[in-house]
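Trainee: sequence first, then the predicted structure:
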Amino acid sequence: MQKNYAYLLALMFSLLIFTGCANKTNEEKVEKKVGATFWGASGDQEETFKQLIKDVDGIGFRLSDPHARVNDGYKEKYGSTTLDNLGFFSITNNDTVRELLEKHPSLGGFSPFNMHIYKLKDENTTWVGHVDPNVMADIVGLNDPKLRKTFIDSFKPLDKVMQKTMQTTKTDTVMFTSLPEEPMMKYEVDVKLDPEEDPEDALITFIEEFQEQFEEAFEDNEYIIAGYKNFKEIYSDNEQEFAFDAYWVYSLCHFKFSNDIFNDVPKAGAFAPCSLYMYIKEGSNKLEIGMPKLANWAAVLGIKDEAKLKLINDLDAEIISIFKSIGAKYLGKENGGAVAVTSVDKKDKEVSTVREKVTLEDGQSPTYLVADYMDKDAAIKVLKDSGMQILAEYNVDKKGDLVSIVFTHQSLKDMAKKSDRGFIGVAKLYINNINKEIRFTNVRYFAKAFMQDDLEQGACKPVMMMIKTKFSNVGPSADHYEYDDLDGYHFMIGMPYYKEMITLAEGDTNELYNKVKGSSVFSLDLGGKYLVGLEIGSKTKKFVKKVGIKNGGLLPYMVMIEDGKAKILDPKYYLAISYPQLTMGEFTTIATVPGAIEEDLKKYFK
């Protein structure tokens, strides 16, 4: 009996050892993968990061729709933030991804991807990094060995330059075990074209209408369109083949959600903003849409907090629901159903033809001067009879309800001839046939901003007197700014000043001018330099409708050609100073516009 008992004890002990070894073996089989890598440099490296942006361009990575210092927006809107710096810089290697997108279109879920920068207030390290390309490939299902290797290898020079420029001394590698069962959300929409319209024009009409419907649906639910990249257009402009009738990528962001997540888990910003691709294959009648799920954030970053997990799951479900509300068919599992989205009752905006009554305080300068309505022909006659030179009549909208009349005067040209002051060379009379009003750019306002220390007393008087004496009931616009602060204007910390212009092209001044002279809306010879107005894309200029048609007279966009450079005012400066009452929230609704304007105008100089 005792012998049997001893035998049983030995057997049980052996089983325990075996079970333990088996469990240990199973645990060891759970492979840890690299989810994201961040390289750290001591202190605040914001200025060094600006150099990094230039350096990565030299190795073929193209930056689009950068969003620097997003933490300032969090502080302004929500009162506080744990972050000293948070920036999203969407980049793509256009040459590398062209063939990859043709063979595996879902790679648009990370084309562009985010080169992420962040710094916590209580930490003396600036971190720069991105999601690991293996993880990107896994999420979008890029399994072909050759294509996958091409994609992953393209990151090696980027990482090398990133570490060298930033002079990093630390590495923080995020490890994880597995992705969600279904890491992508995908949809399709029937492409319905008007049979009475030319097929090419009909496709453009379908795309524009769908894009507008998509943007409105998401913006109505407090999302931000943080970026837009049209691959089809990029490759067509470069005369490169691309096997799609259309292919574009939106960058999508929810500001409140991102604040709630990134203040505690700043590394998650590497996934933001979400790249949402939309394409139509050649000859297809389907618009195909896809985006990596936010559930990937939780899986890769190891987010366990229940409140944050709920935010992530709810937003995934809400995105599905919004797409369904605009007629997109969801192609995946809904994983428990989508959160219902309150439909927005669309109403036409009320059109008021009643003149605004505005009283400004001492020291405040109106951005525009509003006068009694006058039709275009009558207004042009008054300008000509008053000694003004009409340079252009420009329709801001398709219907011609919004018209910008560009004019000049010798007093404006004299100011504009000074170095870097060409943008003051014209004034604009904006005729709004919808609201039945006209408004002038306030020459005194813009001269103070553009001329700064070069502004001479009385320089604006001829044009200002003409406006006030030749037009009826002239008064200030509600848009205004402190006059004495205009020469140092910028929208907020990290945003550009007047002198921080963007160079579109370099070369001989006259050759640069000749490239755009024939296609310009207007041109003004300022004696050895030129001011021209150029049309921006039809999609780009829709920002006027979003942030206020009353101020649409800032178009056409002005380009100054001087000393071998074609330069523009940074749109983040020019749009802000033209809409000085714009809130941070309103500005974020046109987050893609500054980059789009720059890209639209660069095309003229190719």
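Mentor: Looks like it arrived, so ask away. Numbers count the residues shown, from 1 in each chain.
Trainee: for the residue nearest to Asn313 when sequence neighbours are not counted, the count of nearby residues, please.
Mentor: Counting by Cβ to Cβ, 6 or more residues apart in numbering, Ala295 is the residue found nearest to Asn313 once chain neighbours are left out, at 6.9 Å. C-beta: built from backbone N, CA, C; applies to glycine. A total of 21 residues lie near Ala295 under the criterion other Cβ atoms under 10 Å.
Trainee: verify the contact between Ala295 and Met184 for me.
Mentor: No - using Cβ atoms under 8 Å, Ala295 and Met184 do not qualify as a contacting pair, with a distance of 10.2 Å.
Trainee: using PDB, write out every CA atom in stretch 139-148.
Mentor: Only the C-alpha atoms of stretch 139-148 are listed here, as PDB (Å, rounded to 0.1, in the frame of the first residue of the first chain):
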ATOM      1  CA  ILE A 139      -2.600  45.700 -41.100                       C
ATOM      2  CA  VAL A 140      -3.200  46.200 -44.800                       C
ATOM      3  CA  GLY A 141      -2.600  42.600 -45.600                       C
ATOM      4  CA  LEU A 142       0.500  43.100 -47.700                       C
ATOM      5  CA  ASN A 143       1.800  39.500 -47.800                       C
ATOM      6  CA  ASP A 144       3.500  39.200 -51.100                       C
ATOM      7  CA  PRO A 145       7.200  38.700 -50.100                       C
ATOM      8  CA  LYS A 146       8.700  40.900 -52.900                       C
ATOM      9  CA  LEU A 147       6.300  43.800 -52.500                       C
ATOM     10  CA  ARG A 148       6.600  43.600 -48.700                       C
END
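Trainee: what residues does that stretch touch?
Mentor: Contact with stretch 139-148 is made by 100, 103-104, 106-107, 109-110, 136-137, 151, 179, 183-184, 290, 292, 296, as judged by Cβ atoms under 8 Å, 6 or more residues apart in numbering.
Trainee: what's the pLDDT at Phe440?
Mentor: Looking at Phe440, its pLDDT reads 95.
Trainee: can you check Leu15 too?
Mentor: Turning to Leu15, the model gives it a pLDDT of 48.
Trainee: then Leu554?
Mentor: Leu554 is assigned a predicted lDDT (pLDDT) of 85.
Trainee: contacts only, for it.
Mentor: Neighbouring residues of Leu554 by Cβ under 8 Å, 6+ apart: Lys428, Thr441, Tyr574, Leu575, Ser578.
Trainee: tell me which of those is nearest to Ile590?
Mentor: Minimum separation from Ile590 among the contacts of Leu554 (Cβ to Cβ) is found for Leu575, which lies at 7.2 Å.
Trainee: that closest one contacts Ala591, doesn't it?
Mentor: No - with contact defined as Cβ under 8 Å, Leu575 does not reach Ala591; the gap is 11.1 Å.
Trainee: domain parsing for the protein?
Mentor: If you go by automatic domain parsing, the domain ranges for the chain are 33-330, 364-605.
Trainee: quick one: closest of those to Val358.
Mentor: Set against Val358 and scored by Cβ to Cβ, the domains of the chain come closest in domain 364-605, at 5.0 Å.
Trainee: correct me, but Thr540 touches Pro594?
Mentor: No - taking Cβ under 8 Å as the definition, Thr540 is not a contact partner of Pro594, at 9.8 Å.
Trainee: for the helix or strand in which Thr205 is found, packing partners?
Mentor: Per DSSP states H and E: Thr205 is located in helix 199-220. Contact here means 3 or more Cβ pairs under 8 Å, 6 or more residues apart in numbering; DSSP states H and E; on that basis helix 199-220 packs against strand 223-230, strand 244-254, helix 306-325.
Trainee: picking that back up, of the contacts of stretch 139-148, just the buried ones, ChimeraX syntax please.
Mentor: Buried members of these can be picked out in ChimeraX with the line below, counting by 16 or more other Cβ atoms under 10 Å:
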select :100,104,106,107,109,110,136,137,151,179,183,184,290,292,296
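Trainee: between the contacts of stretch 139-148, which sits nearest Met495?
Mentor: Phe110 (27.9 Å).
Trainee: excluding its backbone neighbours, what's nearest that closest one?
Mentor: Nearest residue to Phe110, sequence neighbours excluded (Cβ to Cβ, 6+ apart): Met136, at 4.2 Å.
Trainee: and that neighbour, what does it touch?
Mentor: Applying Cβ under 8 Å, 6+ apart, one finds that Met136 lies in contact with Leu107, Gly109, Phe110, Phe113, Leu142, Phe151.
Trainee: tell me which residues in the helix or strand encompassing Pro462 are buried?
Mentor: When secondary structure is defined by DSSP H and E, Pro462 falls within helix 461-470. Within helix 461-470, the residues that qualify as buried by neighbour count (16+ other Cβ under 10 Å) are Pro462, Val463, Met464, Met466, Ile467.
Trainee: contact partners of the helix or strand harbouring Ala449?
Mentor: Here Ala449, judged by DSSP H and E, is contained in helix 443-451. Surrounding helix 443-451, the residues in contact under the criterion Cβ under 8 Å, 6+ apart are 365-367, 412, 415, 418, 421, 423-424, 427, 455, 459-460, 463-464, 481, 483, 486-487, 489, 498, 577.
Trainee: isn't there a strand covering Leu179?
Mentor: No - the secondary structure assignment for Leu179 gives coil rather than a strand, going by DSSP: H, G, I helix; E, B strand; the rest coil.
Trainee: which residues of the stretch 201-350 of the chain score low on pLDDT?
Mentor: Within the stretch 201-350 of the chain, the ranges that satisfy pLDDT under 70 run 334-350.
Trainee: let's see 50
Mentor: 336-350 (pLDDT under 50).
Trainee: with the chain instead?
Mentor: Within the chain, the stretches falling below the threshold (pLDDT under 50) are 1-2, 5, 8-9, 11-13, 15-18, 21-22, 24-27, 336-350.
Trainee: swap in 80 and give it another go.
Mentor: 1-30, 333-359, 493-494, 545-548, 583-589 (pLDDT under 80).
Trainee: ok but the residue nearest to Phe110 is inside a strand, no?
Mentor: No - assigned with three-state DSSP, Met136 falls outside any strand and is helix.
Trainee: what's near enough to touch Tyr604?
Mentor: Going by Cβ under 8 Å, 6+ apart, the list of residues near Tyr604 reads Leu504, Lys515, Val516, Ser519, Leu534, Val559.
Trainee: could I get the residues you listed as JSON lines with neighbour count?
Mentor: Shown next, in JSON lines, are those (neighbours: other Cβ atoms under 10 Å):
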{"residue": "Leu504", "neighbour count": "22"}
{"residue": "Lys515", "neighbour count": "17"}
{"residue": "Val516", "neighbour count": "21"}
{"residue": "Ser519", "neighbour count": "10"}
{"residue": "Leu534", "neighbour count": "23"}
{"residue": "Val559", "neighbour count": "27"}
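Trainee: just give the number of residues close to Gly458.
Mentor: 9.
Trainee: typed the wrong thing, it's Phe257
Mentor: For Phe257, the tally of surrounding residues (other Cβ under 10 Å) stands at 19.
Trainee: tell me if it really is in a helix.
Mentor: Yes - note on Phe257: a helix contains this position according to three-state DSSP.
Trainee: who's in contact with it?
Mentor: Counting by Cβ under 8 Å, 6+ apart, the residues that Phe257 touches are Leu311, Leu315.
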